[in-house]
Structures are given as C-alpha cells and as structure tokens.
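no FASTA, just this:
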C-alpha cells in the first residue's frame with residue numbers, strides 16, 4: 001500500500017508495536033509486534049549468576065565504575081530496548097519506508113527514545129504522545145491516536 005507512509009511506534013520498556021498508516025490514520029497495517037521481556041524482569045533475575053568478581057588487571061576499571069552513579073540491570077535493559085527500537089526506525093528511514101513518524105510511549109521511555117533516535121529520524125517525528133497505550137488493541141489504538149491528533 002503505497003500511501004501508507006506514516007509509521008506509528010507504540011512502546012514501553014518491554015513491548016513495542018509498529019504500525020504503518022496513512023496520514024489520517026484511517027488505513028493501517030501492523031508491521032511488527034516486538035516483545036522485550038527483560039524490560040519487565042526483576043533485577044534479581046537479570047543479575048542471577050553474576051558475582052561481580054574482578055581480575056587484578058580489571059580492578060582499576062572496576063574502581064572507576066564504582067565511582068559512577070549505579071545503573072540497575074533493569075535500566076540497562078530498558079535503555080538497550082530503546083536503542084534497538086531506534087535502530088529499527090533508522091533502518092526504515094534508510095529504506096524510505098516512512099515519511100512521518102509518530103511516537104507513543106510513557107513519558108520516561110519516550111525520553112529514552114528521543115535520546116536514542118538519530119537526528120535524521122527525529123526530523124520525521126510529527127507527533128509524540130506521552131502515554132502507555134501498549135495494551136490497546138490495534139483498532140482501538142488507531143481510533144485513540146486519530147482522536148488525539150485532532151485535539152492537538
């Protein structure tokens with residue numbers, strides 16, 4: 001469908017849905033449904049099995065890392081997922097698969113996406129919605145997004 005040139009990424013820290021739509025969000029099709037279970041894993045599940053031992057040659061690196069503010073393993077996974085999504089968007093941009101991009105995510109994850117998306121892709125962003133709509137079924141989601149677009 002040649003006139004479906006808007007991509008809509010609906011994401012949170014553990015799931016994303018990528019939809020291709022027309023400019024008015026009336027016609028659309030699901031491109032990808034991406035699950036990232038590590039984004040919702042408990043910290044103990046992500047660190048199981050790692051004891052944090054360092055060899056003598058890595059002690060200086062470990063000391064430097066100890067001085068940096070700690071980043072939880074779960075936060076590392078969430079940031080990794082935002083970068084994976086940004087790469088997916090970059091690939092779509094590189095292959096001229098969309099002209100406009102709409103981002104829908106909870107505010108904190110939306111901030112991570114903004115930081116991860118390259119400037120070239122960021123220039124295509126026409127709408128940002130700071131809400132978690134990942135649980136919505138596609139038909140209801142597109143209706144909500146149409147309504148949101150008309151109120152802005």
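That came in fine, so what should we check first? No experiment lies behind these values; they were computed from the predicted model shown.

And the lowest mean pLDDT element among the helices and strands of the protein?
Lowest mean confidence among the helices and strands of the chain (mean pLDDT, DSSP states H and E): helix 43-47, at a mean of 45.

any chance you could map the strands in this structure?
Per DSSP state E, the chain carries strands over the ranges 6-11, 15-21, 28-35, 100-104, 125-129.

Give me the angle between the lengthiest helix in the chain and strand 15-21.
Looking across the chain with DSSP state H, the single longest helix is helix 73-94. If you take axes from the mean of the first three to the mean of the last three C-alpha atoms, to 10 degrees, helix 73-94 sits at 20 degrees to strand 15-21.

Enumerate the beta-bridge partners assigned to the closest residue to residue 138 other than its chain neighbours.
Distances taken as C-beta to C-beta, 6 or more residues apart in numbering place residue 30 nearest to residue 138, at 5.9 Å, with adjacent residues excluded. All C-beta spots, glycine's among them, are computed from the backbone N, C-alpha and C. With beta bridges defined as DSSP bridges, residue 30 has these partners: residue 19.

ok now do residue 30, which residues does it touch?
17-19, 138 (C-beta atoms under 8 Å, 6 or more residues apart in numbering).

For residue 88, state which of those residues is nearest.
For the contacts of residue 30, the closest approach to residue 88 (C-beta to C-beta) belongs to residue 18, at 7.1 Å.

Out of the strands of the chain, which one sits most buried?
Highest mean neighbour count among the strands of the chain (mean count of other C-beta atoms under 10 Å): strand 6-11, with a mean of 24.

what angle do it and helix 73-94 make?
170 degrees.

Direction included, what does strand 6-11 pair up with?
Sheet pairing of strand 6-11 (DSSP bridges) gives strand 15-21 (antiparallel), strand 100-104 (parallel).

Check the offset of stretch 11-23 from the chain's centre.
Distance of stretch 11-23 from the chain centroid (C-alpha atoms, centre = their mean, to the nearest Å) equals 9 Å.

now swap in stretch 6-14 and tell me
That offset, for stretch 6-14, works out to 6 Å (C-alpha atoms, centre = their mean).
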